[in-house]
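> got a sequence here, can you model it:
(one chain, ligands or ions: 1)
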Amino acid sequence: MSYQIAIDGPAGAGKSTIAKEIARRLGFIYVDTGAMYRAMALYLLKKEIPTDDPEKIRAASQKADITIAYKDGLQQVLLDGENVTAFLRTEEVGNMASVSSANPDVRKKLVELQQELASRENVVMDGRDIGTCVLPNANVKIYLTATTACRAKRRYDELTAKGETCDLAVIEADIAKRDHQDMTREHSPLRQAEDAVLLDSSDLTISEVVERILELVKIG
Ligand code: DC
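Numbering: from 1, shown residues only. The predicted model follows:
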């Protein structure tokens with residue numbers, strides 16, 4: 001049996017940084033499910049599918065070929081055979097991902113891929129529905145959150161470090177809107193699994209969060 005660590009929470013809570021570090025420390029693979037939804041969103045944007053047309057989103061999404069590979073231990077997302085990893089973390093793609101990930105057919109396709117990966121490898125998987133839907137029997141479940149202001153500042157720092165010009169107030173509004181969409185959607189909304197441990201990272205350093213999670217991991 002593979003060992004599964006599920007980390008869910010809203011955008012900007014630090015999930016990917018924390019999950020990557022835990023995977024490195026344990027020698028597990030890190031599965032960034034948000035990147036899969038973002039790759040699907042990129043596909044839909046490229047095909048100019050309107051955000052308000054669920055039937056067109058459903059039909060187009062079934063044609064997208066999304067696969068995962070690992071290069072130097074880092075997850076790469078391939079869309080129709082092309083490595084699109086570098087194009088996924090823009091606000092445009094994130095906003096489209098928030099809309100298209102509400103579509104049940106989009107979710108079904110990507111959840112199958114995630115479950116298949118987790119059945120053969122020890123994983124640290126992050127997303128919105130990992131503990132509740134994708135890996136309901138995960139060995140460790142974490143719900144990682146932080147205040148909206150704190151998460152917006154982190155996203156702002158991340159984008160400006162990459163040379164993108166952005167506005168903190170716009171990012172904060174986007175995050176609040178995305179949280180609302182992710183938490184109120186009909187299918188697999190973001191919520192804390194009953195057996196998940198709640199961690200608020202607002203006043204914790206990355207290594208403090210990592211240590212708290214590692215304390216919960218009991219292997220062997
Ligand atoms: O974590 P992220 O910002 O890269 O995620 C992008 C979008 O994908 C986010 O709005 C919610 C959605 N998502 C999801 O619905 N389920 C997941 N397991 C991961 C992400």
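> list the helices and strands the host helix or strand of residue 158 packs on?
Taking DSSP states H and E as the definition, residue 158 sits inside helix 148-161. In this structure, helix 148-161 makes packing contacts with helix 168-184, judged by 3 or more C-beta pairs under 8 Å, 6 or more residues apart in numbering; DSSP states H and E. C-beta: built from backbone N, CA, C; applies to glycine.
> which ones are touching the nearest residue to residue 171 once chain neighbours are set aside?
Distances taken as C-beta to C-beta, 6 or more residues apart in numbering place residue 152 nearest to residue 171, at 4.8 Å, with adjacent residues excluded. Residues in contact with residue 152 (C-beta atoms under 8 Å, 6 or more residues apart in numbering) are 12, 168, 171, 172, 175.
> I'd say the second one and residue 150 touch.
Going back to what we said before, that points to residue 168. No - assessed by C-beta atoms under 8 Å, residue 168 is found out of contact with residue 150, at 11.8 Å.
> packing partners of the lowest-mean-pLDDT helix or strand in the chain?
Across the helices and strands of the chain, mean pLDDT, DSSP states H and E gives its lowest value to helix 91-100, namely a mean of 90. Here helix 91-100 touches helix 33-46, helix 168-184, going by 3+ C-beta pairs under 8 Å, 6+ apart.
> tell me the most buried of those helices?
Burial of those is given as mean neighbour count (mean count of other C-beta atoms under 10 Å); helix 33-46 ranks first at a mean of 23.
> distance from the chain centre to that one, please.
Centre-to-centre, helix 33-46 and its host chain are 11 Å apart (C-alpha atoms, centre = their mean, to the nearest Å).
> do that helix and the ligand meet at all?
Yes - residues of helix 33-46 are located near the ligand by C-beta under 6 Å from any ligand atom, namely 33, 34, 37, 38.
> can you tell me which of those is closest to the ligand?
The ligand lies nearest to residue 34 out of the residues of helix 33-46 next to the ligand, by C-beta to the nearest ligand atom, at 2.4 Å.
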